[in-house]
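Asker: please work out how this folds:
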Amino acid sequence: MVVQKKVITIPATLTRFTATPINQQKKRRVAGYARVSTDHDDQFTSYAAQVDYYTNYIKGRDDWEFVEVYTDEGITGTSTKHREGFKRMVADALDGKIDLIVTKSVSRFARNTVDSLTTIRQLKEKGIEVYFEKENIWTFDGKGELLLTIMSSLAQEESRSISENCTWGQRKRFADGKVTVPFNRFLGYDRGPDGNLVVNPEQAVIVQQIYAMFLQGMSYHGIAKKLTADGIPTPGGKEKWSISTVRSILSNEKYKGDALLQKSYTVDFLTKKTKVNEGEIPQYYVEDNHEAIISPEIFAMVQREMTKRGRGKNYHSSVHAFSSQIRCGQCGCWYGSKVWHSNSKYRKTVWQCNHKFDNDEHCTTPHLTDEDIQNAFLSAANKLLVTKDEVIANGHEMAELLFDTSELETEQTTLLEETQLISDMVQQSIYENAHIALDQAEYQKRYDSLTHRFDTAKERLETVMAQLQQMQLQRADIESFLQSFKELPDTLTEFSAENWHALVDYATVYSADDIRITFKHGQEIKA
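Answerer: Numbering: from 1, shown residues only. I've put the predicted structure just below:
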């Protein structure tokens, strides 16, 4: 005989949402969350409207107690990393200050599925519910998490689509040669009426001073130290200059009126992580885009000087005007400065081969004083000035003959077009193989052929570009030398660091009576 079971229902005594006895009234503590994804003026109305709406909406319910409307303005929804308002709201909720969060939609809450679900589950464990008004989703509802997962995924996909559209638009602007820079952190230029770069006269003087100090032999550290001491703010508005900031200004092609576009790109639309473009996507070089602050000749001289200041045995220093410009005629190494009798009244600075005592066989080249070097320069320069007109005429003729880059420039243009075409063909071939069933033997044969063509063209392009750059630098050096040489008087009576750096490539010391100055147009004269 089956015994009939008796089931007694024990009623709930606590409310589901506030955990208080059902015979007691307790208002739910409710907060609102509002966010707009840009800080443009046209978004301000939407932002203010959201704040006002949720304030009135929450206060209008008798069973709700208004806590606060938490906000983030001009912040993306793809990550919670930089959303301070959002993070403060979640922290307050987990601390027991909030029972319910009301927000406009899933996409306002987060466009990242993982972030959205992780946060919702954290809140749920603490008994905190979230209400998405547009989708009518309550997270305590049985089907709430399923709907939330679907809607979060759709929001994330929407964000990806927006990101791709923005990226396409930006790259299209680059391809059209439209230049944009962070003007509030870019020294020397302001935004013009058409959005292009317009010279800021006061800041341009600082840029020119930096280039002049570098060509006068000052180090990156020395330039940064002087700018800091002079109270000149950095491009970012800071008081202290760094070596990297000085280097960046000295190597930025925008100061000569050109612009290299797409130096970096966004790797992932969720994390917003950027990466230096090392060939993954195309770059665009725009010539004569805007007014130059630094002449192409001076810019080229600076790039050559930066290359010379490398590392290794022949490391080029820049502590003094003569640093890394005096060469030992015996071993080929640079002369460096040494202080003799540093703690006595006989203290003096001399120059000698940096590797004079490195090996068993010591270099026999002599040490020199500043005065020795200055006198050698004046002697050689005055010998050259005797034939001033001839030097200038021959220099211009030589520059035209030796540094005609028209053929290399034509070849470079052709190779750039060819590599881009082949690159597109390779990408298309890979795409077809991934989406269409192809004969793999035929595909591999075609792929290998294309990549071989690409490698060959790329190798030749790199060679041509290196030759072109070298010739342009050499020509710029000679033209700058000729201009400076033309402005000299017929005889030099006093030494100046400006003349030394404008005219001299380096000096070579063979003996006390044999010091030879090699000028920037290539002529060597014994002092």
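Asker: going forward, measure contacts and count neighbours with C-alpha atoms only.
Answerer: Will do.
Asker: please enumerate the strands of the stretch 151-300 of the chain.
Answerer: Using DSSP state E, counting those that start in this stretch, the strands of the stretch 151-300 of the chain run over 189-191, 197-199, 259-261, 264-266, 274-276, 284-286.
Asker: quick one: residues in contact with the second one.
Answerer: Looking back up the chat, that one is strand 197-199. 179, 188-192, 290-293 (Cα atoms under 8 Å, 6 or more residues apart in numbering).
Asker: let's have the residues you listed in JSON lines, adding pLDDT.
Answerer: Below are the contacts of strand 197-199 laid out as JSON lines (pLDDT from 0 to 100):
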{"residue": "V179", "pLDDT": "59"}
{"residue": "G188", "pLDDT": "85"}
{"residue": "Y189", "pLDDT": "85"}
{"residue": "D190", "pLDDT": "86"}
{"residue": "R191", "pLDDT": "83"}
{"residue": "G192", "pLDDT": "80"}
{"residue": "H290", "pLDDT": "82"}
{"residue": "E291", "pLDDT": "86"}
{"residue": "A292", "pLDDT": "87"}
{"residue": "I293", "pLDDT": "88"}
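Asker: ok so, going back, any idea which of the strands of the stretch 151-300 of the chain has the lowest pLDDT on average?
Answerer: Mean pLDDT is lowest for strand 264-266 among the strands of the stretch 151-300 of the chain, at a mean of 58.
Asker: where along the stretch 251-400 of the chain do the helices fall?
Answerer: For the stretch 251-400 of the chain, the helices defined by DSSP state H, counting those that start in this stretch cover 296-308, 370-385, 388-402.
Asker: ranking those by mean pLDDT, which is last?
Answerer: Minimum mean pLDDT among these: helix 296-308, a mean of 79.
Asker: list the buried residues for that one?
Answerer: 296-306 (16 or more other Cα atoms under 10 Å).
Asker: using PDB, write out the CA atom coordinates for it.
Answerer: Coordinates of each C-alpha in helix 296-308 appear next as PDB, following Å, rounded to 0.1, in the frame of the first residue of the first chain:
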ATOM      1  CA  PRO A 296      65.500  70.100 -45.800                       C
ATOM      2  CA  GLU A 297      69.300  70.600 -45.900                       C
ATOM      3  CA  ILE A 298      69.500  71.200 -42.100                       C
ATOM      4  CA  PHE A 299      67.200  68.300 -41.400                       C
ATOM      5  CA  ALA A 300      69.400  66.000 -43.600                       C
ATOM      6  CA  MET A 301      72.500  67.200 -41.800                       C
ATOM      7  CA  VAL A 302      70.900  66.400 -38.400                       C
ATOM      8  CA  GLN A 303      69.800  62.900 -39.500                       C
ATOM      9  CA  ARG A 304      73.400  62.200 -40.700                       C
ATOM     10  CA  GLU A 305      74.800  63.500 -37.400                       C
ATOM     11  CA  MET A 306      72.300  61.300 -35.400                       C
ATOM     12  CA  THR A 307      73.500  58.300 -37.400                       C
ATOM     13  CA  LYS A 308      77.100  59.100 -36.700                       C
END
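Asker: show me what it packs onto, helices and strands only.
Answerer: Using 3 or more Cα pairs under 8 Å, 6 or more residues apart in numbering; DSSP states H and E, the elements in contact with helix 296-308 are helix 201-215, helix 243-251, helix 440-486.
Asker: which helices and strands does the last one pack with?
Answerer: Other elements packing on helix 440-486 under the criterion 3+ Cα pairs under 8 Å, 6+ apart are helix 296-308, helix 388-402, helix 406-435, helix 497-503.
Asker: let's go with 10 Å and repeat that
Answerer: If contacts are counted by 3 or more Cα pairs under 10 Å, 6 or more residues apart in numbering; DSSP states H and E, helix 440-486 sits against helix 296-308, helix 370-385, helix 388-402, helix 406-435, helix 497-503, strand 504-511.
Asker: now the shortest one
Answerer: Here helix 243-251 touches helix 201-215, helix 220-229, helix 296-308, going by 3+ Cα pairs under 10 Å, 6+ apart.
Asker: is it possible to export these to CSV including distance to Y431?
Answerer: Shown next, in CSV, are the helices and strands packed on helix 243-251 (distance: least, Cα to Cα, whole Å):
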stretch, distance to Y431
helix 201-215, 47
helix 220-229, 47
helix 296-308, 41
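Asker: who wins for proximity to I430 among those helices?
Answerer: Relative to I430, the nearest member of the helices and strands packed on helix 243-251 by Cα to Cα is helix 296-308, separated by 39.0 Å.
Asker: contacts for the closest one?
Answerer: 208, 211-212, 214-215, 217, 220, 247, 250-253, 255-258, 293-294, 309, 314-318, 324, 469-470, 472-481, 502 (Cα atoms under 10 Å, 6 or more residues apart in numbering).
Asker: which of those residues count as buried?
Answerer: 208, 211, 214-215, 217, 220, 247, 250, 253, 255-258, 293-294, 309, 314, 316-318, 324, 472-481, 502.
Asker: buried subset of the contacts of strand 197-199 as a PyMOL selection?
Answerer: Listed next is the PyMOL selection for buried residues among those, using 16+ other Cα under 10 Å:
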select buried, resi 179+188+189+190+191+290+291+292+293
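Asker: nearest to M89, of the contacts of strand 197-199?
Answerer: Nearest to M89 among the contacts of strand 197-199, with distances taken as Cα to Cα, is R191, at 38.0 Å.
Asker: surely that closest one meets N200?
Answerer: Yes - with contacts counted by Cα atoms under 10 Å, R191 reaches N200, the gap being 9.4 Å.
Asker: the domain parsing of the protein - what is it?
Answerer: 28-163, 183-308, 326-526 (automatic domain parsing).
Asker: for Q4, which of those is the nearest?
Answerer: domain 28-163 (32.5 Å).
Asker: picking up where we left off before, JSON lines for the contacts of strand 197-199, including distance to D52?
Answerer: Shown next, in JSON lines, are these (distance: Cα to Cα, whole Å):
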{"residue": "V179", "distance to D52": "39"}
{"residue": "G188", "distance to D52": "43"}
{"residue": "Y189", "distance to D52": "40"}
{"residue": "D190", "distance to D52": "37"}
{"residue": "R191", "distance to D52": "35"}
{"residue": "G192", "distance to D52": "37"}
{"residue": "H290", "distance to D52": "46"}
{"residue": "E291", "distance to D52": "48"}
{"residue": "A292", "distance to D52": "49"}
{"residue": "I293", "distance to D52": "49"}
